Every structure is written in structure tokens, then in C-alpha cells.
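Undergrad: take a look and give me a structure for this.
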Amino acid sequence: MNFEPMLEPDEETKNDTTDIQKSDRRTCALCKKVYMTLYKTYINDEDTCKIYYLCVFCRILKNFKMQYISDVVVCKSKMSQSKIIKTTYDLFIKNKKIPYPHDVDEDAERVELFAYKFFKNKDKYKDYKIFYTNKINKNDIISCGFLGGRFNLEKLDLKYFE
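TA: Predicted coordinates for the structure are as follows:
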């Protein structure tokens, strides 16, 4: 099932001069986080199909599939989706675990809405955003591209990510 992309870059990302397609395969083309595991993602833009390298967080939003149902929760939040991704990633690096929605946004309110329904009708739910659960595989979040592969989270030297 192909859904219309929901992630719109925030002002900081919009002002970034880097073209989304010029990802160095270590940096997510949307949220600009470095050394995350990147997935080659095909996105149809009008008549052409372009290749992007996206982190797991952005990939879930751009290409939502039923397999991601347990990886996300829908919450009401005023925070931009880009900011949610960046904050989630930063808190993950700091605490070595996926943060709860209220850790990312103190004002986030969990809503009883199935993620699939949200993605099908996202225009109806303007202030609803996607937050991530601890069901996401930690090795899918970061890879040390400069080390040539996946990492052991316990042995990760965080200075590379600051």
C-alpha cells in the first residue's frame, strides 16, 4: 500500500541547502541525522521515482506499512514531526532507549487511533503526530558507517554522535 508522504521538513530543515537526494549514505535525507542506519527508499514524485536514503524513523513515515504498526503510536501534539524525530533520536543516544512520547513532548496526549487509520486519513487529524515505541530494533536506528556495520549499543562511544 502506498501512502502520500506525511513528513514535511521543519523550517530548519527547509533552510538547509543540502539537496535531499545528495545524501552521503550516512546522513538521513530528511532529518539530517548522521550515522543512522539508512534504507534505500523509492518515492514517487509526480512522474519520476527518486531514490532517497532515510533513517528508520523517516522511512516509517514516508512508506508506512502494516509491519510498522507496533513501532508507532499516535498522539496529539503541537510539535512538528521533524522535531519529534530529532528529539527522539537525541534522547535515544543519551539514554540508550526509545523515549516515551511524554519524554519527547511533555504536552503529547495519547489518542485512541489506529496508526493505519491515521495514515489513510491524516488530513483529518492535523495536530496528531507519530511517536515511536520501544518495539523498533535498536540496531535499525544507528549504524556506525565509519566502522563498517552494525554496533553493540553497550559498547557505543557516544562522542561520535555529539
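Undergrad: number of nearby residues for the nearest residue to residue 91 once chain neighbours are set aside?
TA: Using CB to CB, 6 or more residues apart in numbering and skipping residues adjacent in sequence, the residue nearest residue 91 is residue 99, 4.1 Å away. No exception for glycine: its C-beta is placed from N, CA and C like everyone else's. Counted by other CB atoms under 10 Å, the residues lying close to residue 99 total 19.
Undergrad: which residues touch residue 99?
TA: Shown in contact with residue 99 (CB atoms under 8 Å, 6 or more residues apart in numbering): 87, 88, 91, 92.
Undergrad: helix/strand/coil for the first one?
TA: When you say that, I think you mean residue 87. Three-state assignment for residue 87 (DSSP: H, G, I helix; E, B strand; the rest coil): helix.
Undergrad: wait, it touches residue 101, no?
TA: No: Residue 87 lies out of contact with residue 101 (CB atoms under 8 Å); the separation is 10.5 Å.
Undergrad: name the nearest of the contacts of residue 99 relative to residue 62.
TA: For the contacts of residue 99, the minimum distance to residue 62 (CB to CB) is 15.9 Å, reached by residue 88.
Undergrad: look up how far residue 111 lies from that closest one.
TA: Distance, residue 88 to residue 111, using CB to CB, to the nearest Å: 18 Å.
Undergrad: neighbour-wise, which of the two wins?
TA: Comparing residue 88 with residue 111 by other CB under 10 Å, the one with more neighbours is residue 88, at 23 against 14.
Undergrad: could I get the pLDDT score of the more buried one?
TA: On pLDDT, residue 88 comes in at 90.
Undergrad: tell me where the chain has helices.
TA: Ranges of helices in the chain, per DSSP state H, are 11-14, 56-62, 81-95, 101-104, 115-120.
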